[in-house]
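Asks: Sequence plus predicted model, see below.
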There are 2 protein chains.
Amino acid sequence: MLRKSVSMYLREHREELLSSYFKLLRFPSIANAPMAEGCGPCAEWIAGRLRGLGVRAEVLPTAGQPAVVGELHVDDSLPTLLAYAHYDVQPPDPLDLWRSPPFEPEIRDGRLYARGACDNKAGVILHLWAVEAYQRGGGLPMNLKVIFEGEEEVGSPHMEPFLAAHADRLAADALIITDGGFFDHDCPAICYALRGLCYFEVAFTGPDRDLHSGAAGGVVRNPIHALAAMIGALHDETGRVAIPGFYDDVRPLTDAERDEWARLPFTDEQEMRRHGVGVLAGGEAGRGTLERKWARPSLDCNGIWGGYTQAGSKTVLPSKASAKISMRLVGDQDPATIDAAFRKFVADHTPAGIRSEVSAFGLARPVLLDREQPAAEAVRGAFREAFGLETRMVRMGASIPTTELFQRILGLDGVVTGLGLPDSNIHAPNENLPVDHLLRGAEWMAAVYQLVSETSAPSGKPAK
Amino acid sequence: MLRKSVSMYLREHREELLSSYFKLLRFPSIANAPMAEGCGPCAEWIAGRLRGLGVRAEVLPTAGQPAVVGELHVDDSLPTLLAYAHYDVQPPDPLDLWRSPPFEPEIRDGRLYARGACDNKAGVILHLWAVEAYQRGGGLPMNLKVIFEGEEEVGSPHMEPFLAAHADRLAADALIITDGGFFDHDCPAICYALRGLCYFEVAFTGPDRDLHSGAAGGVVRNPIHALAAMIGALHDETGRVAIPGFYDDVRPLTDAERDEWARLPFTDEQEMRRHGVGVLAGGEAGRGTLERKWARPSLDCNGIWGGYTQAGSKTVLPSKASAKISMRLVGDQDPATIDAAFRKFVADHTPAGIRSEVSAFGLARPVLLDREQPAAEAVRGAFREAFGLETRMVRMGASIPTTELFQRILGLDGVVTGLGLPDSNIHAPNENLPVDHLLRGAEWMAAVYQLVSETSAPSGKPAK
């Protein structure tokens, strides 16, 4: 059971806790290169805050945005929990759809609105709050290490060398990754499998400058047509990805998982409402919604641009057209294999008169985690204690690239969990979390610490 | 022969003439709605200049940008020439490819660079200069009417009611449309047929907001995919437009024209160099370049946009994707028929989960003009006199929507001609005309006035 002093502290300091969260949310910590000046100050603020709580914390550079690393060592006889979350956020556009500015947090109808309010500054603040409550109430019940990354939303391109370089420093007995979420309202979850990601930018160039469509139309190949035809060819009529070999390494869904998922509180109608659509027409025909989302790979064009895109008309035959195209991968697809297959597909669909270029952003491998480890049991117990709710075991359609890196480099299977709700609008305008839910989350995290201290084994020693 | 006083005036006042052209070029007279504040002042400047030369000139409103209309009546026994050009220009983007700012004219290596320097403020200034030279040297040899439009580059959407309302005021014996150009360096031309235009914006909407591609990828239909597939389906593998019925009314090219075109100074290599491409891969396979450009319809996507289009990566499944799509039409295609066929095609290619909208901008009918009228002979004679060059009869791949309106509403077949050169970069960055060529053009226009006065018949009277 959670120490009373800890839960009292959290209940009696709601306003101060929220006030510190507002400060964190005001940093425009977007990791995309042209906007990244908000990351460094955000990392420094977190490290400063940690130090104020007695954690030995540093901002460590990577080849991109810095990471915050900290340690609060209590006693060698206690287990060590490593906590991962990311302080960088998605770009906030389209800005005109936000009801309040994305980096000026606002509470409306009991919900806290801000870019990052859910994904994933909530994952950071829960630890700051839990540490604060324990430090004010007698100290932590276990050893804590933290790593708060600054480039998750751009695919964690520098985490692999970073984790390798700091492997000793980050060694731990358990790992909690608070970048997950609830499966539904009143339905907390642990995610034991995540899809991987390949993200590309493709540019098709035709003439060396924009031409007049009257003078060149019907004579010069239009790069938008060529790009559109290539994108059109990426799926067949049944919604399958048409890149040769794309499905070769896909591990089929087991009957056990299919049965487990059938018992989840889930309907297609619910899913449609969540996404604001009237039909679930994406993906492979003939497969269930959760299977398509969790156990099958997908391919999406995330953006496209070229030629004249302002109001009115301009009769231009453009020089260039570009698209961002990404794929979600599942076990046992290898991003390197998919990368090569995609590049070959683009080359095969580049007609005469067009020059194509493919650049890759982050690659992340799909990952499958240990469902039954002690830390997972601690998280389930804490949800029971703080929320009075049973935890469901789920997969996730999204990617958290470091999850696979922790497994491969540090030998740690993370417990992927968190507070996100289906209507939290992550990666979208008006991102939010209910304030009560968030503050109850602080008690949940404090309970996780307590239960980890009771169930996990410190290095080299058997579990108590 | 051109009066000596007129040609002397033009030669002795080069700097003043250029200085007035610089003033005209500095107006950012872009007719596209969000930028159109530059049009009114430009029209007022032109009208003021005309009045200073003794022309009764007014700025007349339309439902969009105003037109400048003027008349200089000399004598009832003289023929009346109506002069058309347009003072509006294409938007200058992409701005970063201009070597000097588009609305700050600059002379480099004997060429005058500015947006509109060729298309089509040159067509306006030639008349201002010719009138000035005649007025300073004894008066015009014929009656002149002018109409300078302010919305040609957006498809002249308001010219049809405007011409109908002012038909009496614009009545004339001949019409010169100086929005054409040379077929090649040292090869002046008269254009006797222009392609028509249908211009559309198409929007495909899927979910009602941008979604996370991890949470929705493989479940929700992506509007970029649907739009790309539709655009991809607009052409078949031989480059033919695949809209059912698209070619039904296309008038085949005659053998006589094919023979005439074969004698033009034209090679595919030349065309490739002009467009900056290594292959002429646009349009229908198996047809010659000039046929595809002048006598066959074409379809181009002029712009496309949707989703995340900034630097780096964002894993979004976007709500909406849009494209601008235009078609160049030839006789006897009817824009209204093509409009309906295109809308049906889009509807037929809108899959479940996507809502499509089509809006039309300007529609222009294709046009075929009288090649042998007296004013055409006057233009040919003037090119001989001012440039020492023979004029070729050509078609044009582009559209000048008012050409067809003048024919249909005023009963006037225009002589479409002008100074534009293949490397003038119209509709593109670094638009230009050589200064000497432009000033020789002033003498050409003065000679056109003289020859029209000698060869055209005034209303109701036989030619002299």
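Replies: Nice, thanks for sending it over.
Asks: So the closest residue to A:D423 other than its chain neighbours, which state does it fall into?
Replies: Closest residue to A:D423 in three dimensions, ignoring its sequence neighbours and counting by C-beta to C-beta, 6 or more residues apart in numbering or on different chains: A:R274, at 7.0 Å. Quick note: C-beta positions are derived from backbone N, CA and C, even for glycine. Following DSSP: H, G, I helix; E, B strand; the rest coil, the label given to A:R274 is helix.
Asks: Next, count neighbours for A:R274.
Replies: The number of residues packed near A:R274 is 17, by other C-beta atoms under 10 Å in any protein chain shown.
Asks: Kindly report the same for A:V250.
Replies: If you count neighbours by other C-beta under 10 Å, A:V250 ends up with 16.
Asks: what does A:V279 give?
Replies: Each residue near A:V279 was counted by other C-beta under 10 Å, and the total is 14.
Asks: What is the three-state secondary structure of the residue in the stretch 251-400 of chain A that chain B sits nearest to?
Replies: Per C-beta to the nearest C-beta, A:A398 is where the stretch 251-400 of chain A lies closest to chain B, at 2.6 Å. Look at A:A398: counting by three-state DSSP, its state is coil.
Asks: Please apply the same query to A:A256.
Replies: The local conformation at A:A256, judged by three-state DSSP, is helix.
Asks: low-scoring stretches of the stretch 351-464 of chain A, by residue?
Replies: Within the stretch 351-464 of chain A, the set of residues satisfying pLDDT under 70 comprises A:459-464.
Asks: hmm, back to that, wait, what's in contact with the residue of the stretch 251-400 of chain A closest to chain B?
Replies: Listed by C-beta atoms under 8 Å, 6 or more residues apart in numbering or on different chains, the contact partners of A:A398 are A:194-195, A:328, B:212, B:214-215, B:315.
Asks: how far away is the residue in the stretch 101-250 of chain A that chain B sits nearest to from B:K121?
Replies: Residue of the stretch 101-250 of chain A nearest chain B, by C-beta to the nearest C-beta: A:G214 (2.6 Å). Using C-beta to C-beta, to the nearest Å, we find A:G214 at a distance of 18 Å from B:K121.
Asks: Run me through the strand neighbours of the helix or strand harbouring A:V59, direction for each.
Replies: Element membership of A:V59 [criterion: DSSP states H and E] is strand A:56-60. Strand A:56-60 has its sheet partners listed here by DSSP bridges as strand A:67-72 (antiparallel).
Asks: List the buried residues for the strand it pairs with?
Replies: A:67-72 (16 or more other C-beta atoms under 10 Å in any protein chain shown).
Asks: same deal with stretch A:199-213?
Replies: Within stretch A:199-213, the residues scored as buried using 16+ other C-beta under 10 Å are A:199-207, A:209-213.
Asks: Next, give me the two most distant ones among the residues you listed.
Replies: Greatest spacing in the buried residues of stretch A:199-213, by C-beta to C-beta: A:Y199 and A:H212 (35.0 Å).
Asks: A:R296: neighbouring residues, count only.
Replies: Burial of A:R296 is recorded as 25 neighbouring residues (other C-beta under 10 Å).
Asks: same check, this time on A:T417
Replies: Counted with other C-beta under 10 Å, A:T417 comes out at 28.
Asks: separation between it and B:L60?
Replies: 70 Å.
Asks: for A:L72, same thing?
Replies: Look at A:L72 and B:L60: by C-beta to C-beta, they are 79 Å apart.
Asks: And for A:D236?
Replies: For A:D236, the distance to B:L60 equals 57 Å [C-beta to C-beta].
Asks: between the two, which one's more packed in?
Replies: B:L60 (16 against 11).
Asks: Surely that one and B:L163 touch.
Replies: No - taking C-beta atoms under 8 Å as the contact criterion, B:L60 and B:L163 are not neighbours in contact, 11.3 Å apart.
Asks: Need the three-state assignment for A:A285.
Replies: When the rule is three-state DSSP, A:A285 gets the label coil.
Asks: which residue sits closest to it in space, ignoring its chain neighbours?
Replies: The shortest distance from A:A285 to any non-neighbouring residue, by C-beta to C-beta, 6+ apart, is to A:T238 (4.5 Å).
Asks: Is it correct that the one you found is in contact with A:A281?
Replies: No - here A:T238 lies out of contact with A:A281, judged by C-beta under 8 Å, at a distance of 11.7 Å.
Asks: more neighbours, the two?
Replies: Counting neighbours by other C-beta under 10 Å for A:T238 and for A:A281 shows that A:A281 has the greater number, 18 against 10.
Asks: can you confirm the more buried one is in a strand?
Replies: No - going by three-state DSSP, the assignment for A:A281 is coil, not a strand.
Asks: Okay, the residue nearest in space to the middle of chain A and B:G139: tell me how far apart.
Replies: Among the residues of chain A, the one closest to the centroid is A:I400, at 4.8 Å (C-alpha atoms, centre = their mean). Between A:I400 and B:G139 the computed distance is 83 Å (C-beta to C-beta).
Asks: swap in A:M35?
Replies: As for A:M35, its distance to B:G139 is 65 Å (criterion: C-beta to C-beta).
Asks: These two: who's more crowded?
Replies: Neighbours per residue (other C-beta under 10 Å) separate A:M35 from B:G139, with A:M35 holding more: 16 against 11.
Asks: And that one, how far from chain B?
Replies: Going from A:M35 to chain B by C-beta to the nearest C-beta, to the nearest Å gives 8 Å.
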